[in-house]
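A.B. asks: Quick one, fold the following:
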Amino acid sequence: STTGPVREGTKTYIEANAGATTNAGSIYAVSTTGKGCIIGAVVDGSTGSQLLLSNATFVLKDFANNTLASTPNLDPDGKQFAFPASCVTGWGTAPYNAPTYDHAGAGLNAGVYSLQVAIPGYYTITEASIPVVDVTTTNMGYLPMVGTFAAGSKQIKVILTWGNQTKDLDLHIVGPASTAFDCQPYNEAAIQNANGATSKFHVSFQQRYCAETGTTAPNGSTSLAVDDSYEYGPEIINFYDGYVDGTYKISVYNNDATALNWNVSKARIDIYAGSYFTGGGGLVKTILSTGSSALRGWRPVRLLVAGT
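C.D. replies: Here you go, the predicted structure:
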C-alpha cells in the first residue's frame with residue numbers, strides 16, 4: 001500500500017521450476033510507522049562460540065537498498081551488536097542480556113532491512129528481510145558464520161538456527177555408510193529404510209559422531225559439532241573426509257513440548273560446501289521453514305552427494 005503508513009515486505013529463496021507453479025505463500029508486510037532497534041550476535045559455524053566483533057565490517061541497508069549505517073553499538077565484551085548505535089542507552093551488567101533502549105528518540109524507522117556482516121577468515125553473510133516495528137527491538141539471535149574452507153576442500157557443513165518462539169530443535173542426518181558397520185544402533189529401522197539396505201549412519205544429539213564415515217572422531221568424521229537446547233541454536237553437523245556418494249536426508253525434530261507451528265519457529269538451515277563441489281566454496285543453499293504445520297518433524301532437504 002502507498003496510502004497511509006507504507007508497508008514493506010519481501011521473501012527470498014523462491015524457486016521457479018520449468019513447467020511448474022511455485023506457491024510463494026504469504027508475504028508479511030511491516031508498517032513503516034514508528035521506530036525500533038536491531039540487536040544480534042555472531043557465532044562460529046563450526047563450534048557455536050560467539051565471535052568477537054571488533055574486526056567485523058557491517059553494512060545496514062533499508063528496503064530500497066540504501067546504505068544507512070556501518071558502525072553498530074557493541075556490548076562491553078564486543079560480542080553483541082545493535083543498530084543504530086545510539087539506540088542502546090546502556091548494556092547493564094554481564095552477560096549484557098538486558099540492555100536498555102531509546103526506541104522513539106534514536107531508533108530506526110519501522111520497516112524492512114538487510115544486514116551484511118564480514119569478518120576476515122569467514123564467508124560473508126547477508127541477512128535479508130529483517131523487520132523493525134514500533135517501540136520494539138528485533139533480536140536476530142545468533143548468526144552463524146563459517147570459516148573459509150581450504151582450496152579443494154570436500155567439507156560440507158549443515159547449520160540449523162531458529163528463533164526464540166521454540167526452545168529446542170534437534171538436527172538429524174541419515175546417510176549411506178561405506179561398509180556394513182552400523183554407526184547408530186538407537187533407531188536401526190529408520191536408518192535401514194532411509195536410503196536402502198546400505199544406509200547405516202545417523203548423526204544427532206544421541207549419536208554425535210560417526211567415525212566409520214571417516215577416520216577418527218571428531219575430526220575426519222561426520223559429527224554433530226554443536227547441540228543447542230535453548231533458543232536460536234545453532235546446531236551444526238560437519239561432513240569431513242571419508243563420507244561416500246549417495247543421498248543424505250536432513251531432518252529437524254521439534255523437542256519443545258509446546259510444538260509451535262513451524263511457520264513461527266523461524267527455523268532455517270544453511271548448507272556450506274568446499275570448493276571441491278562449488279566454485280570458491282561457501283553457501284550452497286538456505287532453506288526456511290515457512291510451511292504451516294504443527295507436526296513435530298520437518299524434512300527440509302535431501303542432499304545428493306556425487307564425485308567424492
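
A.B. asks: where in the stretch 201-308 of the chain is pLDDT low?
C.D. replies: For the stretch 201-308 of the chain, residues meeting the criterion pLDDT under 70 lie at 205-232, 241-242, 257-260, 263, 290-292.

A.B. asks: 80 instead?
C.D. replies: Counting by pLDDT under 80, the stretch 201-308 of the chain shows low-confidence ranges at 201-233, 240-246, 256-266, 278-280, 290-295, 307-308.

A.B. asks: The stretch 51-200 of the chain now?
C.D. replies: Those would be 163-167, 175-200, if you go by pLDDT under 80 across the stretch 51-200 of the chain.

A.B. asks: what about the strands in it?
C.D. replies: For the stretch 51-200 of the chain, the strands defined by DSSP state E, counting those that start in this stretch cover 57-61, 67-69, 73-74, 80-83, 88-90, 100-101, 108-109, 111-118, 125-132, 137-145, 156-161, 169-176, 199-203.

A.B. asks: I'd like the ones you listed as CSV, with mean neighbour count appended.
C.D. replies: All C-beta spots, glycine's among them, are computed from the backbone N, C-alpha and C. CSV is the format used below for these (neighbours: other Cβ atoms under 10 Å):
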stretch, mean neighbour count
strand 57-61, 16
strand 67-69, 14
strand 73-74, 19
strand 80-83, 24
strand 88-90, 16
strand 100-101, 15
strand 108-109, 18
strand 111-118, 20
strand 125-132, 18
strand 137-145, 20
strand 156-161, 24
strand 169-176, 23
strand 199-203, 24
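
A.B. asks: Please, where are all the helices along the stretch 151-300 of the chain?
C.D. replies: Secondary structure of the stretch 151-300 of the chain (DSSP state H, counting those that start in this stretch): helices located at 188-195.

A.B. asks: circling back to that earlier point, identify whichever of the strands of the stretch 51-200 of the chain lies nearest to residue 308.
C.D. replies: strand 156-161 (10.0 Å; Cβ to Cβ).

A.B. asks: name the helices or strands packed onto the closest one?
C.D. replies: strand 137-145, strand 169-176, strand 235-239, strand 268-273, strand 297-305 (3 or more Cβ pairs under 8 Å, 6 or more residues apart in numbering; DSSP states H and E).

A.B. asks: try 7 Å
C.D. replies: Judged by 3 or more Cβ pairs under 7 Å, 6 or more residues apart in numbering; DSSP states H and E, strand 156-161 is in contact with strand 137-145, strand 169-176, strand 235-239, strand 268-273.

A.B. asks: JSON lines for those strands, including distance to residue 44?
C.D. replies: Converted to JSON lines, the helices and strands packed on strand 156-161 look like this (distance: least, Cβ to Cβ, whole Å):
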{"stretch": "strand 137-145", "distance to residue 44": "7"}
{"stretch": "strand 169-176", "distance to residue 44": "16"}
{"stretch": "strand 235-239", "distance to residue 44": "9"}
{"stretch": "strand 268-273", "distance to residue 44": "13"}
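
A.B. asks: Quick one: closest of these to residue 53.
C.D. replies: Ranking these by proximity to residue 53 (Cβ to Cβ) places strand 137-145 first, at 10.5 Å.

A.B. asks: No further questions, thank you.
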